[in-house]
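1. only geometry, no sequence info:
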């Protein structure tokens, strides 16, 4: 994937990946840009443009190889490697992430979960035991961690970033309701669940109008 | 809010709402477009443009009234009314939504939770008891429900929409990994948690390159 790729194309990559995985499950080996477009509610020409943009993936006679394209996009997304994740915050969201089957199925493995609440420390979450956040620095010195899931109150989130960055964590998946600032060389995706509900409320109101 | 408003402006509304709530908490009564812009990483002129777009909110001498603007945007978003939600699927995500404090604090009240799994039916989730999904139709006949949270496997999600729409549910907050199709007059927001992680992985890989 060379050169500039627009944010819109990047945001569509996971949807491509998802649809191609579904096609594989359905036993479909080849798909035309028209066929993939119908499925994804995009035009055939947009599909061709996007896939050209990803680079280095040719179209054969009858269309694209489903598994070939799925592997190619998986590689671009980096989901063909394993990511070691820790979860900071063992509340409802932290526990839900820890217990999910779908993240490890995509190579995102939760290796530890931390909290500062004495009633949560020692609690079992799936195959993990909630550790005292006071142990976090030591843990990071002794273990490789790629991604930190922040499921802490908004007042703690930014402070955690500093501790985690200093010890080599390069990715942040943030559920606290703020737009996290991360230093250069690290990446963040903010999940604002509340905002999704507010957008839904807005759309419902417009439908009524 | 009259006329056409771009999807980009709509998507920024919850962030305005969040920042204005924070300002209120900090005891700040007035804010200039420059001040709000700094906070939101937007230019002052973009802030003025957006707020003009929301319609009907004037700027006073020293800037905007924080609580006035927060109320105005809250009204546009429809979060000044109560939304009755049911959750279909009492797995990790369904339970996390049911147990959250922040959704009810914004007027999104979970009134019931359903599952088809006998080991989950009868289970207590906060103040609710998981009901058999076989009871869903009867429940909808007897109760008003605005929003259904779909936290079911992908194979069940689309089918649930039909049942729920027939009985007057107008909003869907979907956590199943598909782009839900909903009939005209109803609204949907899809939350693709997996895709957020994939985008994070993609960004981390580009930082390494």
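-> Good, I have the coordinates. Note that the structure is a prediction, hence the values are computed from the model and not measured.

2. tally of neighbours for residue A:132?
-> 15 (other Cβ atoms under 10 Å in any protein chain shown). No exception for glycine: its C-beta is placed from N, CA and C like everyone else's.

3. which strands and helices sit next to the longest strand belonging to chain A?
-> Longest strand of chain A, by residue count under DSSP state E: strand A:108-115. Counting contacts by 3 or more Cβ pairs under 8 Å, 6 or more residues apart in numbering or on different chains; DSSP states H and E, strand A:108-115 packs against strand A:83-88, helix A:92-99, helix A:102-105, strand A:128-132, helix A:136-142.

4. how about these in TSV, adding mean pLDDT and distance to residue B:92?
-> Output for these, formatted as TSV (pLDDT from 0 to 100; distance: least, Cβ to Cβ, whole Å):
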stretch	mean pLDDT	distance to residue B:92
strand A:83-88	98	13
helix A:92-99	96	4
helix A:102-105	92	10
strand A:128-132	98	14
helix A:136-142	97	23
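
5. right, and these - which one's nearest chain B?
-> Chain B lies closest to helix A:92-99 among these, at 3.9 Å (Cβ to the nearest Cβ).

6. Report whether that closest one contacts chain B.
-> Yes - Helix A:92-99 is in contact with chain B by Cβ under 8 Å from any Cβ of the partner chain, via A:92-93, A:95-96, A:99.

7. and residue A:189, what element?
-> Per DSSP states H and E: residue A:189 is located in strand A:187-190.

8. Now the element after that strand, going C-ward?
-> Next along the chain from strand A:187-190, counting by DSSP H and E, comes helix A:193-208.

9. how far does that following helix sit from the chain's center?
-> Relative to the centre of its chain, helix A:193-208 is centred 23 Å away, using Cα atoms, centre = their mean, to the nearest Å.

10. cool, and stretch A:81-88?
-> Counting by Cα atoms, centre = their mean, stretch A:81-88 comes out at 11 Å from the chain centroid.

11. Need the contact partners of the helix or strand harbouring residue A:37.
-> Assessed by DSSP H and E, residue A:37 sits inside helix A:33-40. Contact with helix A:33-40 is made by A:15-16, A:19, A:23, A:42-48, A:51, A:59, A:63-64, as judged by Cβ atoms under 8 Å, 6 or more residues apart in numbering or on different chains.

12. Would you mark the buried spots in the host helix or strand of residue A:49?
-> The secondary structure element spanning residue A:49 is helix A:44-54 (assigned by DSSP H and E). For helix A:44-54, burial by neighbour count (16 or more other Cβ atoms under 10 Å in any protein chain shown) applies to A:47-48, A:50-51, A:53-54.

13. same check, this time on stretch A:181-193
-> Buried-residue list, stretch A:181-193, by 16+ other Cβ under 10 Å: A:182, A:186-193.

14. Now that stretch: average pLDDT?
-> Averaged over stretch A:181-193, pLDDT sits at 94.

15. Can you give me the first-to-last residue distance of it?
-> 18 Å (Cα to Cα, to the nearest Å).

16. Stretch A:163-172 too?
-> 12 Å.

17. next one: it to chain centre, how far?
-> 17 Å.

18. now stretch A:70-78
-> 14 Å.

19. which regions of chain A lie under the pLDDT threshold?
-> A:1-4, A:56, A:58-61, A:209 (pLDDT under 70).

20. repeat that for 90
-> For chain A, residues meeting the criterion pLDDT under 90 lie at A:1-10, A:49, A:51-63, A:206-209.

21. Go through it and flag its longest helix.
-> helix A:7-25 (DSSP state H).

22. quick one on the thing from earlier: the helix or strand following the helix holding residue A:49 pairs with which strands?
-> With elements assigned by DSSP H and E, the helix or strand that comes after helix A:44-54 is strand A:64-65. Strand A:64-65 has its sheet partners listed here by DSSP bridges as strand A:30-31 (antiparallel).
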